[in-house]
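In: sequence and predicted structure, then a few things I'm wondering about:
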Amino acid sequence: MSTVTGASAADQTPGPDGRRPLQADQASTGRVGDRLFGGAATVSGVLVIVLVSLIAIFLIVQAVPALMDNSANFFTSRVWAPGGDQPAFGILEFLWTTVTASTIAMALSVPVGVAVALFLTQYAPSWMRRPAAGLVDLLAAVPSIVYGLWGLIAFAPVFKPVQSFIQDKLGWFPLFAPTGISGGTICFIGVVLAIMVLPIVTALSREVFDQTPTAHKEGALALGATQWEMIRTAVLPFGRPGVISASMLALGRALGETIAVTFLVSALADGNPWSWSLFNGGETFASKIANNASEFSNPNKTGAYIAAGLVLFVLTFVVNSIARVVIERRKAFTE
Amino acid sequence: MSTATDRRVPDDQVVPGETSTPPGGRSGREALSEMSNPHRARAVKDVVAKVVMWAAFFLAMVPLVWILGTVVAKGFHMLTTATWWTGNQRNINSDDFGGGARHAIEGTLQMVGFTALIAVPIGILTAVYLVEYGRGRLAKAISFTVDILSGVPSIVAALFIYAVWVTAFGFSRSGFAAALALVLLMIPVIVRSTEEMLKLVPNELREAAYALGVPKWATVVKIVLRTAFSGIVTGVLLGIARVMGETAPLLILAPYTKNFQRDLFNGNFPTLPMMINQDRGDFALATAAERMWGAALTLILLVLLLNVIGRVIAHFGAVKK
């Protein structure tokens, strides 16, 4: 911990931001105020690490006993009956719903989000850029429960005809097979999630597109490229890592979104047949946990939900780590 | 030496297998052909791209206008009744009209205030560590975990607090437990925004302080943090706005009450998101739907108010370069 007072020789290495080090601080080693303040800063930082580790540890510790008692296969079973003497529960249905809805959300929000970011950085007249970006950010400020409410009351009735139209015309294809569920289908949830994560994709993409070196853009234009060709050859390749990590962050958000999904899902009855259809119902991890918060009565039941939460944690952890790695590699590349 | 002789080779003799056409020779004919059909295709593509970008922007505006429009249109008249700002929901069932939201407004403000009280010091100190002190492995590890924490879904944070507070320690659910979960969600927001602001503080200011013999801690507190103050405040306000609308932790940890309740540590706790959630099953009833829209509008107004204040502070107090 000698780094706290700024005394150790290791200080010569640049910090994470590469903008280090203030050699002068070595002069102040050992003062009480320095030790206290530096100590407090370090403790806070370490506390964050401890908290994140504790999240993983507590979830694992409390999920394991329930998993040991589980009489069904946790990953491949679609049954969810965590109570009683013979608890049996599996996450297959939640995994399918969560991943499919998030995939739909990505398929819609990434192209539109990138296009909006290109609009905001390349196409919009300059007077319009700031206010327009503010409007997109406003979409991010809307609390997710409001999306749930809007989806439930205002958007669902509008989306229903679209849904039945697709089912009528393309119902022969397994993904679009009619299921009799008209309310909160996986597809509908995916569309609402797409709207919710759109500002995330846009905000980060906009940031990297803005940083495209003017020389690249002018070079492309000087070679006779049209505006679109300039974007394709200069802006998009430069921004690709940013777009990928933005999409990953958005995906993490979509996977874990709780209350909007909880408002919208149609839970399936026990023992319903498996369907590949996007117009089927089904709960996501988050909505299943949220919908059953009042059921956390005995440890085994709670353990089952915590195990589901653990899977969600791991999923988002992996996705966010990928985002982080992509960003890091880009940093190394540009600096 | 060798490069000079190499360079002479093409001048003296044509390399076998290579056509003798100079690089510039081809372009004339190609440019000619490009003038006709391919050039049109490129121009068309360019126009199509432009139209697509504009369309994408307006497409993105549709849900924004639709959501805000619906919330205002359906919720505004609730906010114009006096009881909305003074009363609570006691003895009001889903098929009864109106009632007040004061209990939920107060509860939400109290809860996020309490959350900020815990999260802001930790967040700012962590950011100070990352920018002013941290280097090497520990700083990298902290920075990485902050990223991970910012990606933790709110429901997982809530489950974690449940596992600690209720299952392990045996306490009951309360507003305080929910506030703890919100702390987890707020810390990364504060760290990241504060970090950005601290990085904007010019190094010359720090160096000048050191040159005058000011200790490092005093430099950080009195120079760096003071210079970045308005930016940090903005970050804090945006962080509060972010957790204000979180519902999942409340659902798991802080059951709703229709009464006034100021005790965070015992019993149920009223909040705006939970007030919306309360009527969820009865959204088909006009009275319940109205109340939900009213609460949603109130929540959005609070969030926007914080955003606007934050941006105004950011605008007037930005670090001058």
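Out: That came through fine.
In: who does the host helix or strand of residue B:44 touch, helix- and strand-wise?
Out: Here residue B:44 sits within helix B:37-79, counting by DSSP states H and E. With contacts taken as 3 or more Cβ pairs under 8 Å, 6 or more residues apart in numbering or on different chains; DSSP states H and E, helix B:37-79 sits against helix A:92-118, helix A:126-141, helix A:144-150, helix A:186-210, helix A:227-230, helix B:286-317. Any C-beta I mention is one placed from the backbone N, CA and C, and that applies to glycine too.
In: how about the fifth one against chain B, any contact?
Out: Yes: judged by Cβ under 8 Å from any Cβ of the partner chain, helix A:227-230 comes into contact with chain B at A:227-229.
In: tell me the most packed of those residues, by neighbour count.
Out: In terms of neighbours by other Cβ atoms under 10 Å in any protein chain shown, the residues of helix A:227-230 next to chain B top out with residue A:228 at 21 neighbours.
In: quick one on the thing from earlier: quick one, which of the helices and strands packed on helix B:37-79 is packed in tightest?
Out: helix A:144-150 (a mean of 27; mean count of other Cβ atoms under 10 Å in any protein chain shown).
In: how about low-confidence regions in chain A?
Out: A:1-30, A:331-335 (pLDDT under 70).
In: ranges for the strands of it?
Out: A:80-81, A:88-89 (DSSP state E).
In: which of those sits most buried?
Out: strand A:88-89 (a mean of 22).
In: between the strands of chain A, which gets nearest to chain B?
Out: Comparing these against chain B with Cβ to the nearest Cβ, the closest turns out to be strand A:88-89 (15.4 Å).
In: what does that closest one rub up against?
Out: A:70-72, A:74, A:77, A:79-82, A:304, A:307 (Cβ atoms under 8 Å, 6 or more residues apart in numbering or on different chains).
In: which strands border that strand, and is each parallel or antiparallel?
Out: Taking DSSP bridges as the criterion, strand A:88-89 forms sheet pairs with strand A:80-81 (antiparallel).
In: please enumerate the helices of the stretch 201-335 of chain A.
Out: A:214-222, A:227-230, A:236-256, A:259-264, A:285-291, A:299-334 (DSSP state H, counting those that start in this stretch).
In: related to what we said a few turns ago, top of the contacts of strand A:88-89 by number of neighbours, please.
Out: Going by other Cβ under 10 Å, residue A:304 tops those with 30 neighbours.
In: shouldn't that residue be in contact with residue A:87?
Out: Yes: taking contacts as Cβ atoms under 8 Å, residue A:304 lies within contact range of residue A:87: 6.7 Å.
In: residues shared between the contacts of the two?
Out: Common neighbours of residue A:304 and residue A:87 (Cβ under 8 Å, 6+ apart) are A:66, A:70.
In: quick check: nearest residue in space to residue 266, chain neighbours excluded?
Out: No chain in the question, so chain A it is. residue A:281 (3.5 Å; Cβ to Cβ, 6 or more residues apart in numbering or on different chains).
In: my question was about chain B, not that one.
Out: residue B:174 (6.2 Å).
In: next up, the contacts around that neighbour.
Out: B:253-254, B:264-267, B:269.
In: could you do residue B:237 as well?
Out: Counting by Cβ under 8 Å, 6+ apart, residue B:237 makes contact with B:306-307, B:309-310, B:313.
In: tell me the SS of it?
Out: helix (DSSP: H, G, I helix; E, B strand; the rest coil).
In: distance of the closest residue in space to it that isn't next to it in sequence from chain A?
Out: Once flanking residues are discounted, residue B:237 sits nearest to residue B:310: 3.7 Å by Cβ to Cβ, 6+ apart. From residue B:310 over to chain A the distance is 11 Å, taken as Cβ to the nearest Cβ, to the nearest Å.
In: isn't residue B:310 right next to residue B:230, touching?
Out: No: using Cβ under 8 Å, residue B:310 is not in contact with residue B:230; the gap is 9.6 Å.
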